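Q: pasting the structure only:
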């Protein structure tokens, strides 16, 4: 974790420092931040290998997402979250910590949007189910009273009325389930995704591989580390 004094050297919300003999780069972590730690050999291991999107728009690998989300769920909701990625190679591109932060933030922003859409769809289904349930309940009660009136004074008439009344209330099961139980777990996922979309991200370099190992994460960078000229794919594009 970076020393707080590095904040004075922060540029564009990121910084590079050396702590305990190891280089690190990225966002400054708040003093009372609950840290999620991930250890990978290459940054691309965090992302879905079959996703053809540019690096900034890639989905996280399902196992990486499950790990980060599962850890975050175990943390107190009132404590800020930070992500530290331990990387088995030296520093590569100067802005790779910022690029990683943007990619992770974009993923969790999209995750929050997806859960909001799911919540809206659930409420739409709930409202429709509520209308259908109320109509069915009203019809069942009215029909039960009508049939009981036709068979007034008989035990069978009472059984028919009670059966229709019970059936009418059973039709209210789905809207009650939606508005009492189903919506709040999805709302919790929205809130969690929003927290993860705002968390600081920092890389710790463990220097366990060769100096140019970072090129495996950025296949579109030229051998000399030069940026492609206009008309050529950028360093975050997929290799052709």
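A: Thanks, I have the structure now. Values in this document were obtained by computation on a predicted structure and should not be read as measured data.

Q: quick one: contacts for residue 143?
A: Residues counted as contacts of residue 143 (C-beta atoms under 8 Å, 6 or more residues apart in numbering) are residue 164. (Glycine included, C-beta is placed from N, CA and C.)

Q: so is it in a helix, a strand, or just coil?
A: helix (DSSP: H, G, I helix; E, B strand; the rest coil).

Q: separation between it and residue 189?
A: 42 Å (C-beta to C-beta, to the nearest Å).

Q: where along this protein do the strands fall?
A: 15-19, 22-26, 34-40, 81-87, 201-205 (DSSP state E).

Q: can I assume residue 167 is in contact with residue 140?
A: Yes: under the criterion of C-beta atoms under 8 Å, residue 167 makes contact with residue 140 at 5.4 Å.

Q: Comparing those two, which shows the higher neighbour count?
A: residue 140 (20 against 15; other C-beta atoms under 10 Å).

Q: and residue 52, how many residues sit next to it?
A: 8.

Q: any idea how far it lies from residue 58?
A: 9 Å.

Q: One more: residue 130?
A: 40 Å.

Q: Please apply the same query to residue 103.
A: If you measure residue 103 against residue 58 using C-beta to C-beta, the figure is 6 Å.

Q: Now for those two: what residues contact both?
A: residue 47.

Q: buried stuff in stretch 105-117?
A: Along stretch 105-117, these residues count as buried under the neighbour rule (16 or more other C-beta atoms under 10 Å): 105-108, 111-112, 115-116.

Q: Any chance of CSV for those residues, columns distance to residue 42?
A: Formatted as CSV, the buried residues of stretch 105-117 follow (distance: C-beta to C-beta, whole Å):
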residue, distance to residue 42
105, 20
106, 20
107, 17
108, 21
111, 23
112, 27
115, 29
116, 32
